[in-house]
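Q: Take a look and give me a structure for this.
(one chain, ligands or ions: 2)
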Amino acid sequence: MAGEPQDDCLFCKIVAGQIPATIIRETETTVAFRDINPQAPTHVLVIPKVHYANAADLAAAEPEIAADLLRESRAVADGDGLESYRIVFNTGTGAGQTVFHAHAHILGGRGLQWPPG
Ligand code: AMP
Ligand code: ZN
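A: Ligands and ions are numbered 1, 2, ... in the order given. Here you go, the predicted model:
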């Protein structure tokens, strides 16, 4: 069923507490944890507890939870004292997506180039 946990999904396992992560925030619908391979002083992933392959699929099926990701992204930035930050949703392998459970990257704490690579 749409949104149900997937046995082979790394982030579903983090949501279920089966794989450790440095969790910094949790709500009824989301979990935020530090990226294991940080690309900036702040590099946090905000994920929905429900499983969708990418952010657009999440927004199509459960728009309120997609909005929760954005609200939580600001809470993460506030928590790390960031005035400026970037939210990235890699979508598809060609854009660097490696985990097919929707997630927002929150990046900050250093100068961020535009356009991104
Ligand atoms: P993406 O490449 O956009 O799919 O992002 C996946 C992100 O998950 C990468 O930045 C990885 O470094 C990160 N990642 C993979 N495994 C873990 C883990 N066990 N805990 C935290 N972050 C992870
Ligand atoms: Zn998942």
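
Q: who's the nearest residue to Ile23 once chain neighbours are set aside bridged to?
A: In this structure, Ile23 finds its nearest non-sequential neighbour in Phe33, 4.6 Å apart by C-beta to C-beta, 6 or more residues apart in numbering. For glycine as for every other residue, the C-beta is placed from the backbone atoms N, C-alpha and C. Note on Phe33: beta-bridge partners Ile23, Leu45, judged by DSSP bridges.

Q: Just confirm Phe33 contacts Pro20, I think it does.
A: No - the pair Phe33 / Pro20 is not scored as a contact, 9.4 Å apart, by C-beta atoms under 8 Å.

Q: Going by how many neighbours each has, rank those two and give me the top one.
A: Phe33 (21 against 9; other C-beta atoms under 10 Å).

Q: Look up phi and psi at Gly79.
A: The phi/psi pair for Gly79 (degrees, to the nearest 10) reads phi -60, psi -30.

Q: What are the boundaries of the helices in this protein?
A: 10-15, 55-61, 63-79 (DSSP state H).

Q: okay, those helices in a markdown table with distance to ligand 1 and mean neighbour count next?
A: Shown next, in a markdown table, are those (distance: least, C-beta to the nearest ligand atom, whole Å; neighbours: other C-beta atoms under 10 Å):
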| stretch | distance to ligand 1 | mean neighbour count |
| --- | --- | --- |
| helix 10-15 | 6 | 20 |
| helix 55-61 | 10 | 17 |
| helix 63-79 | 13 | 16 |
